[in-house]
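Visitor: here are the coordinates; sequence isn't available:
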């Protein structure tokens with residue numbers, strides 16, 4: 001992983017970082033193959049079948065003990081969403097099993113000459129313990145391996161956005177969840193100005209946005225709601241877009257959006273475009289228009305590109321252009337790094353917090369607070385740091401300790417090299 005240094009600024013560092021992340025970001029938590037668990041069942045059971053009952057603990061108290069030792073910590077880690085802890089538990093459990101197997105073989109070799117059990121007694125005691133072991137392993141496998149990807153806490157997320165409706169994968173549910181997210185979770189870049197890295201793994205996003213009641217920018221917010229929708233069984237395709245907002249230049253793909261299937265229709269979903277973004281998803285149909293409060297949104301085609309526009313947006317009707325080419329999570333790592341570290345990135349240069357609603361759109365840029373309604377736009381000026389913290393708390397629901405300061409991390413461009 002490359003550190004962010006002055007001499008690394010620019011597109012070259014961006015490309016190098018992308019190469020590094022192509023490997024790093026794909027190291028996801030993959031469940032162990034099922035055949036490994038089956039081999040463990042048979043191997044441990046086979047050792048138990050060979051051991052005399054006098055050398056092993058009976059199943060009367062072994063089962064609840066093993067359940068407590070193996071299952072309870074795993075359940076706890078699942079509830080905390082700590083998949084990394086699950087991996088550690090898996091390693092520990094595998095080590096214990098390996099040591100137990102080796103120890104059992106040694107004890108068996110030493111004890112066989114003197115044991116006096118009959119064949120049927122030996123078979124029965126071994127079979128009981130083998131069955132006990134299979135039950136424990138089945139519980140551990142279900143919780144630790146099969147449910148490893150269930151670390152996402154859907155209930156906590158829905159409580160965060162104050163959604164109490166249906167969870168059926170339908171267009172109505174999609175619209176309701178999308179709007180609840182858009183009006184409750186602000187678009188913001190405050191961690192960048194606090195010198196913190198922007199991470200896109202679901203565990204970090206849950207901790208930041210759900211548990212700590214923060215916001216985030218497009219990569220964070222749309223990555224989070226994509227995980228939510230997939231948890232609710234919506235088919236989701238991740239997309240990349242080029243922001244326009246009044247510019248006729250071709251910009252890089254530094255925005256994330258989503259295509260979601262519901263009720264046999266494709267929808268454009270995007271909770272990460274800030275104050276002028278969608279409240280509701282819009283059907284992915286050329287010429288489709290959607291009235292959302294005092295603001296209207298429209299989709300049109302330009303060759304292979306789709307264009308989302310909002311005529312009432314004062315900084316430019318065309319919001320962004322996108323294609324339907326599917327993106328992988330790793331594809332967002334380089335633009336995320338670029339947006340959060342490059343000196344000329346607007347997210348590095350100036351504080352911004354934005355929150356749309358049915359009747360107004362509130363946008364804070366630097367010390368200027370803009371409130372847009374159907375009647376027009378008014379602005380207020382934030383006079384000092386204390387007033388800024390009050391505005392973050394009262395307008396956007398973002399609470400920071402007294403004395404918190406947000407500072408731009410702009411680094412001047414190096415002087416051009418002259419021959």
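Guide: Cool, got the structure. Treat the numbers as computed from the prediction; the structure is a model and nothing was measured.
Visitor: Domain map for the chain?
Guide: 6-26+152-396, 34-150 (automatic domain parsing).
Visitor: mean pLDDT for the ones you listed: which is lowest?
Guide: Mean pLDDT values for these show the minimum at domain 34-150, a mean of 53.
Visitor: What about residue 345, how many residues nearby?
Guide: Neighbourhood size, residue 345 [other CB atoms under 10 Å]: 17. Just so you know, the C-beta spots here come from the backbone N, C-alpha and C atoms, and that holds for glycine as well.
Visitor: so what's the closest residue to it other than its chain neighbours up against?
Guide: Leaving out its chain neighbours, the residue that sits closest to residue 345 by CB to CB, 6 or more residues apart in numbering is residue 339, at 5.1 Å. Counting by CB atoms under 8 Å, 6 or more residues apart in numbering, residue 339 touches 217, 219, 254, 345, 347, 348.
Visitor: what does the strand or helix carrying the second one rub up against?
Guide: Here residue 219, judged by DSSP states H and E, is contained in helix 218-231. The contact list for helix 218-231, computed with CB under 8 Å, 6+ apart, reads 152, 154, 157, 174, 177-178, 181, 185, 187, 198, 200, 202, 205-206, 208-210, 215-216, 236, 238, 255-258, 260, 269-273, 329, 332, 335-336, 339.
Visitor: List only buried entries from the residues you listed.
Guide: 152, 157, 174, 177-178, 181, 185, 187, 198, 200, 202, 205-206, 208-210, 215-216, 236, 238, 255-258, 260, 269-273, 329, 332, 335-336, 339 (16 or more other CB atoms under 10 Å).
Visitor: Next, check those residues against the strands and list the overlap.
Guide: 187, 236, 238, 255, 256, 257, 258, 260, 269 (DSSP state E).
Visitor: Would you map the strands across the chain?
Guide: 187-188, 236-243, 253-262, 265-269, 282-283, 289-292, 295-302, 305-309, 318-322, 352-356, 360-365, 368-373, 376-381.
Visitor: looking at the ones you listed, which is buried most?
Guide: Highest mean neighbour count of the strands of the chain: strand 187-188, a mean of 25 (counted as mean count of other CB atoms under 10 Å).
Visitor: rewinding a little: and the furthest pair within the contacts of residue 339?
Guide: Of all pairs drawn from the contacts of residue 339, the greatest distance, 14.6 Å, lies between 219 and 348 (CB to CB).
Visitor: neighbouring contacts of stretch 282-290?
Guide: Identification of contacts with stretch 282-290 by CB under 8 Å, 6+ apart yields 259, 265-268, 278, 280, 296-301, 306, 308.
Visitor: thinking again about what came up before, the residue nearest to residue 345 and residue 228, how far apart?
Guide: 23 Å (CB to CB, to the nearest Å).
Visitor: repeat for residue 405
Guide: Residue 405 is 33 Å from residue 228, by CB to CB.
Visitor: Between the two, which has more neighbouring residues?
Guide: residue 228 (23 against 10).
Visitor: how near is the more buried one to residue 240?
Guide: 20 Å.
Visitor: Touching, residue 162 and residue 180? I think so.
Guide: Yes: in this structure, residue 162 is within contact of residue 180 by CB atoms under 8 Å, at 6.3 Å.
Visitor: The two: who's more crowded?
Guide: residue 180 (19 against 9).
Visitor: and that one, how far is that from residue 314?
Guide: On the measure of CB to CB, residue 180 and residue 314 end up 26 Å apart.
Visitor: Likewise for residue 303?
Guide: On the measure of CB to CB, residue 303 and residue 314 end up 27 Å apart.
Visitor: Looking at the two, which is more packed in?
Guide: Using other CB under 10 Å, the more surrounded residue of residue 303 and residue 314 is residue 314, with 13 against 7.
Visitor: Give me the nearest residue to that one, chain neighbours excluded.
Guide: In space, residue 314 is closest to residue 377, 6.7 Å off (CB to CB, 6+ apart).
Visitor: same deal with residue 310?
Guide: For residue 310, the spatially nearest residue (CB to CB, 6+ apart) is residue 297, at 5.3 Å.
Visitor: need the contact list for residue 183.
Guide: 279, 355, 356, 357, 358.
Visitor: Now distance to residue 370 too, for those, in TSV please.
Guide: Putting the contacts of residue 183 into TSV (distance: CB to CB, whole Å) gives the following:
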residue	distance to residue 370
279	18
355	11
356	12
357	14
358	17
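Visitor: Closest one of those to residue 398?
Guide: residue 355 (9.7 Å).
Visitor: How much space separates the closest residue in space to the closest one that isn't next to it in sequence from residue 277?
Guide: Excluding its sequence neighbours, the residue lying closest to residue 355 (CB to CB, 6+ apart) is residue 186, at 4.5 Å. Computed as CB to CB, the residue 186 to residue 277 distance reads 12 Å.
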